[in-house]
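In: Sharing a model prediction with you, sequence too.
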Amino acid sequence: MAKNLQMIMLLDFYGDMLTEKQRDFIDFYYNDDLSLAEIAENVGITRQGVRDAIKRAESQLTEMEERLGFVKRFEKVNAGLEKISKKASVINEENLKCGLSREINDLTVEIQSICAELSDPEAV
């Protein structure tokens with residue numbers, strides 16, 4: 001996973017555990033793609049001060065993930081749901097070739113629907 005995407009995921013999972021200033025700086029830097037100088041100018045501190053705050057926040061986010069592992073678990077669950085959904089599609093295709101059981105069709109559609117619902121972060 002790209003470092004920026006990894007840090008954004010960490011911020012989504014653990015951002016509330018940072019100070020408001022750290023969270024804002026990380027958000028400006030990674031989500032809004034502002035430079036250190038732009039952030040410093042906007043908040044009225046030095047570029048070095050922004051850099052230090054971001055580095056501290058990155059370190060804290062990384063440490064939280066090492067201890068708790070929520071992002072790793074989330075990615076693993078999503079990968080598993082994707083595999084389950086694909087296997088349900090294969091079962092459904094075989095069902096179509098081999099005599100079309102309405103019950104098998106309905107169950108595979110339901111499995112795929114459940115996987116899609118669980119994979120949607122907005123649904124949780």
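Out: Looks like it came in fine. Numbers count the residues shown, from 1 in each chain.

In: The helix ranked longest in the chain packs against which elements?
Out: When the chain is parsed with DSSP state H, its longest helix is helix 70-97. Secondary-structure packing of helix 70-97 (3 or more C-beta pairs under 8 Å, 6 or more residues apart in numbering; DSSP states H and E): helix 3-14, helix 102-119. Every residue, glycine included, has its C-beta placed from N, CA and C.

In: would JSON lines of these with mean neighbour count, distance to residue 34 and mean pLDDT be doable?
Out: Formatted as JSON lines, these follow (neighbours: other C-beta atoms under 10 Å; distance: least, C-beta to C-beta, whole Å; pLDDT from 0 to 100):
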{"stretch": "helix 3-14", "mean neighbour count": "16", "distance to residue 34": "13", "mean pLDDT": "90"}
{"stretch": "helix 102-119", "mean neighbour count": "14", "distance to residue 34": "31", "mean pLDDT": "90"}
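
In: quick revisit: for the record, mean pLDDT for the longest helix of the chain?
Out: Along helix 70-97, the predicted local confidence has a mean pLDDT of 92.

In: Check which residues of it are buried.
Out: 71, 81, 85, 88, 92, 95 (16 or more other C-beta atoms under 10 Å).

In: nearest to residue 33, of those?
Out: Ranking the buried residues of helix 70-97 by separation from residue 33, with C-beta to C-beta as the measure, puts residue 71 on top at 21.1 Å.

In: Which parts of this protein belong to which domain?
Out: The chain breaks down into these domains under automatic domain parsing: 3-68, 73-119.

In: what about residue 27, how many residues close to it?
Out: Under the neighbour criterion other C-beta atoms under 10 Å, residue 27 is assigned a count of 17.

In: Check the one 4 residues further on too.
Out: Other residues near residue 31 number 13, with proximity taken as other C-beta under 10 Å.

In: what residues are up against it?
Out: 8, 11 (C-beta atoms under 8 Å, 6 or more residues apart in numbering).

In: Next one: it relative to residue 94, how far apart?
Out: In this structure, residue 31 and residue 94 are 44 Å apart, going by C-beta to C-beta, to the nearest Å.

In: ok, now residue 58?
Out: The span separating residue 58 from residue 94 equals 48 Å under the rule C-beta to C-beta.
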